[in-house]
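A.B. asks: A structural model of the following input is requested.
(2 chains)
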Number of protein chains: 2
Amino acid sequence: MPDLPMTLPSEGLPAHVTIYEVGARDGLQNEKAVVPVEVKAEFLNRLADAGLTTLEATSFVHPKWVPQLADAADLLAMLERRPGVDYPVLVPNERGLDRAVEAGVDHIAVFASATETFAEKNLNRALDSQFAMFEPTVKRALAEGLRVRAYVSMAFGDPWEGAVDPAQVAAVGRRLVEMGCRQLSLGDTIGTGTPGHAEAVIDACVAGGVPIDQIAVHFHDTYGQALANTLAALRRGVTTVDASTGGLGGCPYAKSATGNLATEDLVWMLDGLGVSHGARLADLVETSVWMADKLGRPSPSRVVKALAGAD
Amino acid sequence: MPDLPMTLPSEGLPAHVTIYEVGARDGLQNEKAVVPVEVKAEFLNRLADAGLTTLEATSFVHPKWVPQLADAADLLAMLERRPGVDYPVLVPNERGLDRAVEAGVDHIAVFASATETFAEKNLNRALDSQFAMFEPTVKRALAEGLRVRAYVSMAFGDPWEGAVDPAQVAAVGRRLVEMGCRQLSLGDTIGTGTPGHAEAVIDACVAGGVPIDQIAVHFHDTYGQALANTLAALRRGVTTVDASTGGLGGCPYAKSATGNLATEDLVWMLDGLGVSHGARLADLVETSVWMADKLGRPSPSRVVKALAGAD
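C.D. replies: Coordinates of the predicted model:
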C-alpha cells in the first residue's frame, strides 16, 4: 500500500518525535531463549539502518538475574556503532556502571519504581530508599560525562497495589531529576492506563517541577491502550516515546503475552499524522519478520501482521 | 484488578457514548464456520445482559452470499428481545427488507461504498448508481416507520484505490442522509486510518451537511490504530462507536487476522476516561471467553487476553 497511511495532520502535536527503541534490551531480556550475540548485533545494526536514532542496546545487570543479557560487553564490542545513533544501556548499580564505562558507553539508564511493592520485589528496597541505591551510580556517571535516563516503573498501575497516585509518580520523578537524570521514562508497566490517566501523570510531573522536554512515555499494549495513550501524551507536549520493534518483550508481571508498544504500530500512526521520526516502516517490518524467524514465533505487532502477509 | 482502570477524565470528550455492537452480525458473518442459531441467540442475550443497548443482530442478505447468517429469521424468532435494547439488522435490498419486516424488525442498516472499486466488487454497481439501489429500500423502510442506518465502507483506505479523499466520503454520506438515513457509520474497513485522518473524514462530513450526532465511527484494528482513532473521533463530538465483542470478525479484504475494534478494549478506555456507556466489562469478557470456546479459537481482544488469564 504505497500511499497508505494517508498523511493528515492533527492539531496540537509536536513536529518531531524521538523513538527510544527498547527492543534489544527490554524486548530480548524477556525472551525465554537466550538470543545469540551475533543476532543481537545484527538486530541493532538493522534498526540503525532502518533510521532509528536511539537504541537501548543491552543491560549491565548481573547475569544471575538476567542471563539473556549476560553478553552485554561482547555485544558492545561487536556492535557497529553508527554515527548519529545513540546506544544507551541499562545499569542497575556501580558495578554495572564500571562494566558499561569499560565498554565505552556514554549514556545509561537506571530503573526506579513508582510503588512501594514493586520497589521491594524488584529492587529489594523500600520506595524511599531506592534513591540511595541509584545516587552513587548516577553521580559517578554524571561526573564521567555520561547522560542518564531513569525509568519510573509501575507509574500507572501496579499488580499488587492497583491504581497508582499520579502525585506519587511525580514525587519519585522529581527526585530522579534533581539527582541529575536528564530524562524520565514514565512506564505503564502493566498496561492498564488510559488517555486521561496518561495526561494526569504527565501533568503531575510537570506541576512537580519536571520539564516536559525531560519526560518520555513507555506504554505497554497489554490492554490495547498504548497508542491512544501515546496520542494523549503527544498532545501534552511529550516528544520521546519508547517502543519495541515487533512488540518484543513486555512485563513478566503482566498477565498477558502482549507487552511493549510495537515500534511499527507507533510509526504507522506518526506517519499518518505527519510527525517526523526518521524511521522507515518497511525496514522495521522486514527486521521484525527476520527476528520472528530467529525467535520462532510471530510478532504481536498488528502492523507487522498486516504487512508481512501482504503481497 | 478491581480498581483498574483508574478513572481520570480528559477534556473535550462526550459524557456518554453509545456502543453499537456488531459482533453477532459483522463478527459472525466473517467466521468460516456457521455458528448454530441457538449459540447466536445466547450470544445476543448475553450481550444484552452485559448492558449493551444496541445489538446488530443479523443480516437479511441472500443466504447464497452469506450462508453464515442464513438463519436470520429463525434467530429473530428465537431471540428474547429485551426492553430498552435495540436490535438493528443489515438489509441489502427490498427482498431483505420484506424478510426483516416480517421478522418484526424496526431498525435496519444498509451498506454503501465510499469508493468506485469496492462498489463494483461488493455491490456490483458503479459508485454513483449504488444510491438507486438503496433508495427504494430506504424509502419503504422509512414509510413503514423503521429507522435506517447506513454503513459507508472503505471511508479511509481501499485495498485497490489506496487513500480515499475525505470529500468523496462526505459526498456519499450526504446523499445517504438526504435519502433519510438517520445515522452514518464511517468505516475504516481495512484499518489504515490514523487520528488526523479520522478527524478529516468527520470534519468533511460535517462541512458537507451531515450533523455530528448522525455520525458513528467503525474502526478496524488491523494496523493497531482503532482506539487512537476512536479517541480522536470522540474529541470531534462523535458519540456512537461501533465495536465487536471479543474483536470478532473483520474485513475479508484486509490482509490480517485482526479486524474489528474489540468492545472490551473500547470499554476499558471509556471506563478509564469516565465516559459512560452502560456495559459491564467483566460480563463482556466472560461472554468472549464463552464464544471463543464455541469458535475454537482465542479472542484477539487484548483486554480479553489480559483478563481471561488473570487470577
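
A.B. asks: okay, now A:R95: neighbour count?
C.D. replies: Neighbourhood size, A:R95 [other CB atoms under 10 Å in any protein chain shown]: 13. (C-beta placed from N, C-alpha, C; glycine too.)

A.B. asks: what comes up buried for the helix or strand hosting it?
C.D. replies: Element membership for A:R95, per DSSP states H and E: helix A:94-102. Neighbour counts using 16 or more other CB atoms under 10 Å in any protein chain shown place A:G96, A:L97, A:R99, A:A100, A:V101 of helix A:94-102 among the buried residues.

A.B. asks: so how far is B:A216 from the fourth one?
C.D. replies: If I follow you right, that is A:A100. Counting by CB to CB, to the nearest Å, the separation of A:A100 from B:A216 is 53 Å.

A.B. asks: burial measure for A:S129, as a count.
C.D. replies: With other CB under 10 Å as criterion, A:S129 counts 11.

A.B. asks: quick one: secondary structure of it?
C.D. replies: Classification of A:S129 using DSSP: H, G, I helix; E, B strand; the rest coil returns helix.

A.B. asks: Check what pLDDT it gets.
C.D. replies: If you check A:S129, the pLDDT there is 90.

A.B. asks: Tell me who's in contact with it.
C.D. replies: A:S129 is in contact with no residue at all, counting by CB atoms under 8 Å, 6 or more residues apart in numbering or on different chains.

A.B. asks: which ones are touching A:R280?
C.D. replies: Shown in contact with A:R280 (CB under 8 Å, 6+ apart): A:A50, A:G51.

A.B. asks: Backbone dihedrals for it, please?
C.D. replies: Per-residue torsions, A:R280: phi -110, psi 120 (degrees, to the nearest 10).

A.B. asks: sorry, back to before: pipe the buried residues of helix A:94-102 into JSON lines and attach pLDDT and distance to B:G23 per row.
C.D. replies: Formatted as JSON lines, the buried residues of helix A:94-102 follow (pLDDT from 0 to 100; distance: CB to CB, whole Å):
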{"residue": "A:G96", "pLDDT": "96", "distance to B:G23": "50"}
{"residue": "A:L97", "pLDDT": "97", "distance to B:G23": "53"}
{"residue": "A:R99", "pLDDT": "97", "distance to B:G23": "53"}
{"residue": "A:A100", "pLDDT": "97", "distance to B:G23": "51"}
{"residue": "A:V101", "pLDDT": "97", "distance to B:G23": "56"}
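
A.B. asks: Pull the most distant pair out of the residues you listed.
C.D. replies: By the measure CB to CB, A:G96 and A:V101 form the most distant pair in these, at 9.7 Å.

A.B. asks: In the stretch 101-250 of chain A, what residue lies closest to chain B?
C.D. replies: Residue of the stretch 101-250 of chain A nearest chain B, by CB to the nearest CB: A:T194 (2.5 Å).

A.B. asks: give the contact list for A:P9.
C.D. replies: Under the criterion of CB under 8 Å, 6+ apart, the neighbours of A:P9 are A:L273, A:G274, A:V275, B:G196.

A.B. asks: So which residues of chain A form strands?
C.D. replies: A:18-21, A:54-55, A:58-59, A:89-90, A:107-113, A:147-153, A:157-158, A:162-163, A:183-188, A:215-219, A:240-243 (DSSP state E).

A.B. asks: Okay then, goodbye and thanks.
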